[in-house]
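Asks: Here's my sequence, what's the structure:
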Amino acid sequence: MVNCEPKVILFLIGKTGARKSTLASLILSFFGDFTNTDLPISFRDTANSIIEQTFILKDVLTVIDDYHPSTKADEQSMNKTAQVIMRSYGDRIGRNKLNCDSTLKISKPPRGNAILTGESAPDISESGTVRYIVVELSKDNINVEKLTELQEFARNGCFKSIMSLYIRNIYLYVNEDYTRKLFLEKLRTHFIEYRAIIQNKLDDNAVTVHPRIPESLTWLWLGFENFINFLLNNKIISQRDYDDLLSEFLEIAIDLAISQSKAIIEDNPSIKFLMKLNSLLESKSVIIENKSNYQFAGGNNFIGYEDDMYYYLIPDMAHKAVKRLCNEQDELFAVSKKTLLKHLADDGYIEISSNGNTKELRLGNQVKRFIWLKKEKFNNVIQ
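Replies: As a prediction, the model looks like this:
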């Protein structure tokens, strides 16, 4: 309506029976008649059809249901779909394509918002993970009696009526140029203010998060606050309810940011590489010789040398060993050796030279290039 779409997706994750789809359909009932068995979009749909639908569903909420791969091929397909969804919503851009006459097709970015549901998080790397906020559900999280009561309200059209009135109020306010400018200015001012509050609270808790996380939570805060403001102004809730709801939201937002930061860290290519390398070392699946024994080194599982300060890893062999382990565990490790070295260097885990992310090491009469992995940094990660 005013081109201020939030670049974030809410992802409900939980095992079968956690009532993810039921909760998602209840939320979607603000925009129509839905149940957990007739949600509009599924991960079984193709990525192209999903993006087409998210373009059509302008200024409304939709649900993309049931990330639940059952085979390896299923997982690869759904992960690819998830990556497309996250980037489309996270960047609010469509894929550029050509018509048969080589003219550019109209780009079709998502024009509404979405909730995703699934039994687990897709393996789509750190850049994909930062584009959604996870809410983990279990059977114990849902008050069944309250859920049933709310479903009855939804069936009676109560939710649709409230949303219709809410949208009408916003439309009337932003329909005039002057008030639209005021509305946009208010959004911008509050966005900066609320993002700083969330970041300060995370700093107080000594939590380091990706910059997208405070931004994502700020968009949720703005939407939540605007809606309960509407409820307060229409005497649906009291001032005390309003204050309590805002306070509770902020607590939940900080908890979500902390849990999300852990998931993002686990998807960081550097962290994933170091954790897998540690598993290989502990299981003795790879061999690292002391630097003084260079003349005896060799074998299929040999990946480098060590001393008190560094692991000197053979780039090709170390990368290959970790990638093989990930494949055996049905996990994705899609970064190339060159990209991995860049991540390790940028994150400060390796020593670099003036002409690259590997350094020369003299072993007897030979000089070879290795990954100089700092043992102190490595031990800090795996502890």
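
Asks: Could you give the average pLDDT over the longest strand along the chain?
Replies: For the chain, the strand reaching the highest residue count under DSSP state E is reported as strand 366-374. What strand 366-374 shows for mean pLDDT is 94.

Asks: Likewise for stretch 57-68?
Replies: Computed over stretch 57-68, the average pLDDT equals 93.

Asks: And for it, what's in contact with it?
Replies: Outside stretch 57-68, the residues that touch it by Cβ atoms under 8 Å, 6 or more residues apart in numbering are 1, 21, 24-25, 27-28, 30-31, 34, 39-44, 50, 53-54, 78, 82, 85, 111-120, 122. Just so you know, the C-beta spots here come from the backbone N, C-alpha and C atoms, and that holds for glycine as well.

Asks: how many neighbours does the nearest residue to Glu331 once chain neighbours are set aside have?
Replies: The shortest distance from Glu331 to any residue other than its chain neighbours is 6.3 Å, reached at Asp123 (Cβ to Cβ, 6 or more residues apart in numbering). Counted by other Cβ atoms under 10 Å, the residues lying close to Asp123 total 21.

Asks: what do you get for the one 3 residues further on?
Replies: For Glu126, the neighbour count with other Cβ under 10 Å is 19.

Asks: what sits against it?
Replies: Listed by Cβ under 8 Å, 6+ apart, the contact set of Glu126 reads 210, 264, 267-269.

Asks: among the contacts of stretch 57-68, which are in strands?
Replies: Where those overlap with strands, as defined by DSSP E, the overlap consists of 41-42, 113-118.

Asks: that older thread, for the longest strand of the chain, which strands pair with it and how are they oriented?
Replies: strand 310-313 (antiparallel), strand 350-351 (antiparallel), strand 359-363 (antiparallel) (DSSP bridges).

Asks: and for the helix or strand just after that strand, what are the contacting residues?
Replies: On the C-terminal side of strand 366-374, the nearest following helix or strand under DSSP states H and E is helix 375-382. With contact meaning Cβ under 8 Å, 6+ apart, helix 375-382 is reached by 271, 274-275, 277-278, 306, 308-311, 348-349.

Asks: do stretch 40-55 as well
Replies: By Cβ under 8 Å, 6+ apart, the list of residues contacting stretch 40-55 reads 28, 34, 57, 62-68, 78, 80-82, 84-85, 88-89, 94-95, 108-112, 114, 118.

Asks: Of the residues you listed, grab the buried ones for PyMOL.
Replies: Buried members of the contacts of stretch 40-55, defined by 16 or more other Cβ atoms under 10 Å, are picked up in PyMOL with:
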select buried, resi 28+34+57+62+63+64+65+66+67+68+78+81+82+84+85+88+89+94+108+110+111+112+114+118
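
Asks: Of the contacts of stretch 57-68, keep whichever come out buried.
Replies: For the contacts of stretch 57-68, a burial check counting by 16+ other Cβ under 10 Å picks out 21, 24-25, 27-28, 30-31, 34, 39-41, 43, 50, 53-54, 78, 82, 85, 111-118, 122.

Asks: and Gly348, that one's in a strand?
Replies: No - with DSSP: H, G, I helix; E, B strand; the rest coil as the criterion, Gly348 is located in coil rather than a strand.

Asks: Distance check, the residue nearest to it when sequence neighbours are not counted against Lys323.
Replies: The shortest distance from Gly348 to any residue that is not its chain neighbour, by Cβ to Cβ, 6+ apart, is 6.7 Å, and that residue is Lys377. If you measure Lys377 against Lys323 using Cβ to Cβ, to the nearest Å, the figure is 21 Å.

Asks: How about Glu126?
Replies: For Glu126, the distance to Lys323 - Cβ to Cβ - is 17 Å.

Asks: Okay, now the unreliable bits of the stretch 1-150 of the chain?
Replies: When the per-residue scores of the stretch 1-150 of the chain are filtered using pLDDT under 70, the ranges that remain are 1-4, 94-104.

Asks: and the helix or strand containing Ile198, what does it pack onto?
Replies: Here Ile198 sits within helix 177-204, counting by DSSP H and E. Applying 3 or more Cβ pairs under 8 Å, 6 or more residues apart in numbering; DSSP states H and E, one finds that helix 177-204 contacts helix 158-174, helix 212-233, helix 239-267.

Asks: Pull out the buried residues from it.
Replies: Counting neighbours by 16+ other Cβ under 10 Å, helix 177-204 gives 183, 191, 194-195, 198-199, 201-202 as buried.

Asks: Give me the phi and psi for Pro122.
Replies: When read as degrees, to the nearest 10, the backbone of Pro122 gives phi -70, psi 150.

Asks: And the residue lying closest to it once chain neighbours are set aside, how close does it get to Ile192?
Replies: Closest residue to Pro122 apart from its sequence neighbours, by Cβ to Cβ, 6+ apart: Ala82 at 3.8 Å. When distances are taken as Cβ to Cβ, Ala82 and Ile192 turn out to be 31 Å apart.
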